[in-house]
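S.K.: This is the structure alone, sequence omitted:
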DNA sequence: GCAATGTTGTCCCAGTTTTGTCCAGACAAA
DNA sequence: TTTGTCTGGACAAAACTGGGACAACATTGC
């Protein structure tokens, strides 16, 4: 369980003091207590000296309730909702034009463990079949259904990632036409792009610039990262693919981003990559870390080491590094 | 299965406070109450402390009434209509809106104007400012709000189209950085892509393949077309940008599409365009018409004429041609 | 063309409910 | 000691309600 937890769960272990919760949610300490007193919005555990201790789950709920209120909901109405119900309410409110999710009845705790791999593979196969038959509607349906079954990070790692690889592979082998790949890519671009907006923002999130460097035209990896980090309370500044180093640096500085993350996939050995990465590293204030992800990152390991960039090997590794960074930032801030 | 039902039927359970309704419809709280007082436009349920509680059905009605009013309808006339009747009225108006010719039949008071152009320009300026300050959240908010104010086709034509042109222009003039343009483009890609899914599909819609030919990397025009035709009951098979002619043809044949639509923007004089268009025309069964849209279509007028392609000069022209085609197809089918 | 009338969005009022902030005194942590 | 958190309560701002006033504008009748 513990290993899976890291991918998919929102931790329910109580450990955060109220101040951190206030910081992360954008609420005041007083308000959090008042909500608890009046509506039992949260029921935090206590330390042996009666200090409130909140879990990640609580924080996420409070964040969502804050947004729900901004959208015009009344506290009385949203206070008793579960995290999942809140997600639905908030995403419906902030994007009421989105395809109405019809799975309200399905109870899916966010700590749901990832699907059995065979199950997942079946899903992926079904998706590939839908692509092959150009059945967009079915494809979309499968994507939506798959998302219901697991948490977003787990879904990206176990379904979307493998699906992308298989589509690429099948096209190279001639099992899929270019037209099929195009359709699937376009559809996934829309789908993953929309995922980001399932999350909600308070305005206090640290920013992260996400893009791909010059020459890297495939954006889906970067987009997945944007969706992923949204879950953990980052605000992605997403620039799409193929951004020159100068522009990335300018954007990071203008937006006040805490981190930059790049995705490298294809072509893996583009000669511009070393130039661009070096240029980016020198232009950025040394305080802004640069993360490198994507399948082609391994090709540039020496360069990455030399420049002091960070290249976690998995999506989950990236996620953990970022979370550590974010929480470190919190400590510095209050120290 | 149940999915279609849940999508198309609107919940009548009263649960939304008036503030939320105001947010979603773009009306003010005062106005909603005034309409209720004067015309019983809605008759919301009440909480135990007399607070108004609206249903999804109410909200949708208010939204449509707002649009109907913008189209020049009088409140007295539309207030008693059911949701379905309102839908008819609004969609009828939106057709006449842009068919500037024969609007004589419809009663339209003199103050009718879809949206004051100055108003629209203000919105666009605000969006440009949000882009310039890299305020994605604001940008998204403005896009959403704009959409509430008018019907989707009108919105695409009066806001999104001009916005795209101004972003391109500003970037060329150096008023925006490339990073800004990238951010805006990426964001719009997500936004427009999601628009298509506002519509609900029955499975009987005629299909239309939408893409851009080889060398044309800008996909937003094509994506706008996909969103646009969805409104009129087409099912877009969207392939993203840069699709070779052979693949377009294969896709059209495999999916049984009735029409193909291409968007040409940049580079306008790409030498591959004539080759690709010719190739496409010959590979497609003569029965499948090919529409050409986009700012660069004019550069290829002789070619378009020679190949017998169709190039309406505006989005609305395209829309009308397609509707005519669809209805003609329908008649043949039933005759 | 002008006056009377109708339509419509906005604002104000006074009373109620809901919600955010503040305070005081006690205790715990750094 | 200083700072932060705890409980319980007080207070004030914001939001909602019903009612009505009013100005801007369009329509209608002359």
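M.R.: That came in fine, so what should we check first? These figures come from a predicted structure and were not determined experimentally.

S.K.: Helix or strand next in line after the worst-scoring helix or strand of chain A on mean pLDDT, which one?
M.R.: Sorting the helices and strands of chain A by mean pLDDT, DSSP states H and E puts helix A:2-8 at the bottom, at a mean of 33. Remark: after helix A:2-8, the chain's next helix or strand is helix A:18-25, criterion DSSP states H and E.

S.K.: Pull out the buried residues from that following helix.
M.R.: A:18, A:20-25 (16 or more other C-beta atoms under 10 Å in any protein chain shown). For glycine as for every other residue, the C-beta is placed from the backbone atoms N, C-alpha and C.

S.K.: Outline the domain layout of chain A.
M.R.: A:2-94, A:117-197, A:205-334 (automatic domain parsing).

S.K.: Adding distance to DNA strand D, write those domains out as a markdown table.
M.R.: A markdown table is the format used below for these (distance: least, C-beta to the nearest atom of the strand, whole Å):
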| stretch | distance to DNA strand D |
| --- | --- |
| domain A:2-94 | 3 |
| domain A:117-197 | 24 |
| domain A:205-334 | 7 |
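
S.K.: Would you mind putting these into JSON lines with distance to chain B alongside?
M.R.: Output for these, formatted as JSON lines (distance: least, C-beta to the nearest C-beta, whole Å):
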{"stretch": "domain A:2-94", "distance to chain B": "3"}
{"stretch": "domain A:117-197", "distance to chain B": "3"}
{"stretch": "domain A:205-334", "distance to chain B": "4"}
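
S.K.: Quick one: closest of these to DNA strand C.
M.R.: domain A:2-94 (3.6 Å; C-beta to the nearest atom of the strand).

S.K.: all helices of the stretch 101-250 of chain A, in order?
M.R.: A:117-132, A:136-149, A:152-155, A:161-173, A:178-195, A:220-231, A:245-255 (DSSP state H, counting those that start in this stretch).

S.K.: Report the inter-axis angle for the second one versus helix A:178-195.
M.R.: Following axes from the mean of the first three to the mean of the last three C-alpha atoms, to 10 degrees, one obtains 40 degrees for the angle between helix A:136-149 and helix A:178-195.

S.K.: and if you look at the last one?
M.R.: Here helix A:245-255 points in a direction 20 degrees away from that of helix A:178-195 (the same axes, to 10 degrees).

S.K.: Which neighbouring elements make contact with helix A:245-255?
M.R.: strand A:207-211, strand A:259-263, helix A:272-283, helix B:178-195 (3 or more C-beta pairs under 8 Å, 6 or more residues apart in numbering or on different chains; DSSP states H and E).

S.K.: Need the ones you listed in TSV (columns: mean pLDDT and distance to residue A:233).
M.R.: Listed next are these as TSV, based on pLDDT from 0 to 100; distance: least, C-beta to C-beta, whole Å:
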stretch	mean pLDDT	distance to residue A:233
strand A:207-211	96	11
strand A:259-263	97	13
helix A:272-283	96	25
helix B:178-195	96	20
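
S.K.: now those in JSON lines, with distance to DNA strand C?
M.R.: Below are the helices and strands packed on helix A:245-255 laid out as JSON lines (distance: least, C-beta to the nearest atom of the strand, whole Å):
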{"stretch": "strand A:207-211", "distance to DNA strand C": "24"}
{"stretch": "strand A:259-263", "distance to DNA strand C": "28"}
{"stretch": "helix A:272-283", "distance to DNA strand C": "36"}
{"stretch": "helix B:178-195", "distance to DNA strand C": "26"}
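
S.K.: any chance of these in TSV, plus mean neighbour count and distance to residue B:135?
M.R.: As requested, the helices and strands packed on helix A:245-255 are arranged in TSV below (neighbours: other C-beta atoms under 10 Å in any protein chain shown; distance: least, C-beta to C-beta, whole Å):
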stretch	mean neighbour count	distance to residue B:135
strand A:207-211	27	11
strand A:259-263	25	19
helix A:272-283	18	23
helix B:178-195	23	10
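
S.K.: These: which one's closest to residue B:276?
M.R.: helix B:178-195 (23.0 Å; C-beta to C-beta).

S.K.: Which secondary structure elements does the closest one sit against?
M.R.: Checking 3+ C-beta pairs under 8 Å, 6+ apart, helix B:178-195 ends up next to helix A:178-195, strand A:235-238, helix A:245-255, helix B:117-132, helix B:136-149, helix B:161-172, helix B:220-231.

S.K.: what's the offset of the strand or helix carrying residue A:67 from the middle of its chain?
M.R.: Assigned by DSSP H and E, residue A:67 falls within helix A:56-70. Chain-centre distance of helix A:56-70: 17 Å, with C-alpha atoms, centre = their mean, to the nearest Å.
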